[in-house]
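1. Okay, sequence plus prediction incoming.
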Amino acid sequence: MQFIRDLRNPDSELSRTLNNLYDGVYVVDTTRTILFWNKAAEAMTGYSAAEVVGKSCKDDILNHIDENGILMCRSSCPIVKAIACAGTSIAKVYPKSKSGKRFPVETHVSTVMDDNGAVVAAIEVFRDISHQEEYRIIQEKFNGIIRKYVSTATYSDIQSRIAGNTPAGQTRILDLSVLYLDVVNFTGFAEKNSADATVRLLNDLFGICDVITRECFGDIDKFIGDAIMAVFVDANDAVRSAIKILETGIPELNKIREENNESCIAIRIGINSGLVLQGDVGTIDRKDLTVIGDTVNTAARIEKSSIPNRLMISEATLARLDEELHQLFVFHHEVELKGKSEPMKLFILQM
C-alpha cells in the first residue's frame, strides 16, 4: 500500500510532513507493530525512531495508564478500540517516557483502510497537556480557596459571566427569604477574651452555620462582624435552617466550649421574606454580589427584636410556610419600624 511505503521512506512528502508536526505521531499496523515514529514523539518520550520502529507498542514502550492508574496496553488500548470499530478513539492517558516519568497527553487515534475497506493501520496523534493539567490543578485549588471567601451565589455568578451567559452589572429582582443571625452581647465577650479566642469563636459558629445553611439549600451572602446574613429561595428552608442551628448547632458548640472551660454563647435569629434587589454593589475596583432592599433591612431589625436563642419571623415569612412549620409559630409582639406606616407583627417559634 502506498501509504505504508511512504511512511517507510524518510524523504517522502508524507514523512516530512508528519515530522514537522508539533504533536507526537506514530503509526502501527493491525498487530500494533510500530511503523513510524515522528520527531515530536521522540522529543516527548525520549525514545528515538530507531529504538521503537519494528517493535510493538505494548512491549514496554510508553505503557499507557488511564486517569485511574489502570494499565491500558493490554486491555482498553485506544488503538485496539479504533481498529476494532474501524473508526476513531479519543482518550486522556499517561504514557511513560524513557526516563520513567509519566506525563499527561490527549490522544486521538484514527484508522487507515485499504481500497477494500479493510483496516491496515492506525495513526495515533498525541499532545503533551502537562501545562493544561497544571493549570487545571491550580484552578481547582484557587476555586476551593475563593469559595471560602465569597458566597455560592457570587461564585456561580462569576462562572456564568466567564461563560458569557450573564452580562456584567446585571441586576435582578428576586423573591427571597433573608436570615439574620448574631451573637448576643458579642461586644462584652470580645472585651473579656483575647483576640484569638474571639476569632476562634466566630470561626466555629460561622462554620456550623455555613454547613447547616448549605444543607438547607441556602447561601450565606455575607459575614458582618459577629453576624451572618443568609438568603433562601424557599422560606421553609430558611426556617428549617434556623431551627437546626438553634436545636443542634448551638448546643453542640456550647457543649464543646464547656468541655474546654469556655463560656457558652447565645444567638438571635430573625427572618423576613419579600422582594430584594440582587446586583453588584461597591466601587470600580471591588464589588460584592449581594442583595439589598427593604426586605433585607427589615430582616436585620427583626433579628435585633428577637429573644436570645429563639427564632422570630415576620408575617411575610409566616405566610410562605407549609402547614407543618406554620403551626410551630405564635404571635409574639408588634414592633414599630422606621419608615413603616403600620406596626410589624412578629411571630416566635414555640419551644
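-> Looks like it came in fine.

2. Okay, domains of the protein per the record?
-> 2-130, 168-349 (automatic domain parsing).

3. okay if I get those as JSON lines plus mean neighbour count, distance to residue 136 and mean pLDDT?
-> Using the backbone N, CA and C atoms, a C-beta is placed for each residue, glycine as well. JSON lines is the format used below for those (neighbours: other CB atoms under 10 Å; distance: least, CB to CB, whole Å; pLDDT from 0 to 100):
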{"stretch": "domain 2-130", "mean neighbour count": "16", "distance to residue 136": "9", "mean pLDDT": "86"}
{"stretch": "domain 168-349", "mean neighbour count": "17", "distance to residue 136": "25", "mean pLDDT": "89"}
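
4. could those domains go into a markdown table alongside distance to residue 138?
-> Shown next, in a markdown table, are those (distance: least, CB to CB, whole Å):
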| stretch | distance to residue 138 |
| --- | --- |
| domain 2-130 | 13 |
| domain 168-349 | 23 |
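
5. residue ranges for the helices of this protein, please.
-> Under the criterion DSSP state H, the chain contains helices at 2-8, 13-19, 39-45, 49-52, 78-85, 130-146, 152-162, 186-192, 195-215, 235-244, 250-259, 294-305, 315-318, 323-326.

6. Can I get those in JSON lines including distance to residue 332?
-> Output for those, formatted as JSON lines (distance: least, CB to CB, whole Å):
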{"stretch": "helix 2-8", "distance to residue 332": "86"}
{"stretch": "helix 13-19", "distance to residue 332": "81"}
{"stretch": "helix 39-45", "distance to residue 332": "72"}
{"stretch": "helix 49-52", "distance to residue 332": "82"}
{"stretch": "helix 78-85", "distance to residue 332": "68"}
{"stretch": "helix 130-146", "distance to residue 332": "40"}
{"stretch": "helix 152-162", "distance to residue 332": "31"}
{"stretch": "helix 186-192", "distance to residue 332": "23"}
{"stretch": "helix 195-215", "distance to residue 332": "23"}
{"stretch": "helix 235-244", "distance to residue 332": "15"}
{"stretch": "helix 250-259", "distance to residue 332": "20"}
{"stretch": "helix 294-305", "distance to residue 332": "9"}
{"stretch": "helix 315-318", "distance to residue 332": "11"}
{"stretch": "helix 323-326", "distance to residue 332": "15"}
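
7. Strand partners (parallel or antiparallel) of the lengthiest strand in the chain?
-> For the chain, the strand that runs over the most residues, judged by DSSP state E, is strand 267-282. Strand 267-282 pairs in its sheet with strand 172-183 (antiparallel), strand 287-292 (antiparallel), strand 311-314 (parallel), by DSSP bridges.

8. Let me know the angle separating that strand from helix 294-305.
-> Per axes from the mean of the first three to the mean of the last three CA atoms, to 10 degrees, the angle that strand 267-282 makes with helix 294-305 is 150 degrees.

9. report the angle between the axes of strand 267-282 and helix 235-244?
-> Between strand 267-282 and helix 235-244, the angle comes out at 130 degrees (the same axes, to 10 degrees).

10. Tell me what residue 335 is bridged to.
-> Per DSSP bridges, the residues bridged to residue 335 are residue 344.

11. right, I mislabeled it, should have said residue 311
-> So, taking DSSP bridges as the rule, residue 311 has residue 269 as bridge partners.

12. Distance check, it against residue 299.
-> 12 Å (CB to CB, to the nearest Å).

13. Now do the shared contacts for these two.
-> Common contact partners of residue 311 and residue 299 (CB atoms under 8 Å, 6 or more residues apart in numbering): 270-271.

14. nearest to residue 339, of the helices of the chain?
-> Closest approach to residue 339 among the helices of the chain is made by helix 294-305 (7.9 Å; CB to CB).

15. Any figure for the gap between residue 222 and residue 129?
-> Counting by CB to CB - residue 222 and residue 129 are separated by 39 Å.

16. And for residue 298?
-> 53 Å.

17. Ok, which of the helices of the chain comes nearest residue 122?
-> With CB to CB as the measure, helix 78-85 is the member of the helices of the chain nearest residue 122 (4.9 Å).

18. which outside residues touch that closest one?
-> Outside helix 78-85, the residues that touch it by CB under 8 Å, 6+ apart are 28, 30, 32, 57, 64, 72, 88-91, 93, 107, 109-111, 119, 122, 124.

19. same check, this time on stretch 292-307
-> So stretch 292-307 is contacted by 176, 178-182, 227, 229, 268-277, 279, 281, 312-314, 316, 333, 335, 337, 339, 344, 346, 348 (CB under 8 Å, 6+ apart).

20. Figure out how far stretch 185-203 is from the centre of its chain.
-> 32 Å (CA atoms, centre = their mean, to the nearest Å).

21. for residue 328, phi and psi?
-> With angles defined as degrees, to the nearest 10, residue 328 sits at phi -80, psi -10.

22. which ones are touching it?
-> Residue 328 neighbours (CB under 8 Å, 6+ apart): 349-350.

23. going forward, begin numbering at 726 instead of 1
-> Done: numbering now begins at 726, and the last item shifts to residue 1053.

24. any idea how far it is from residue 760?
-> In terms of CB to CB, residue 1053 sits 76 Å off from residue 760.

25. Also residue 826?
-> Separation of residue 826 from residue 760 (CB to CB): 26 Å.
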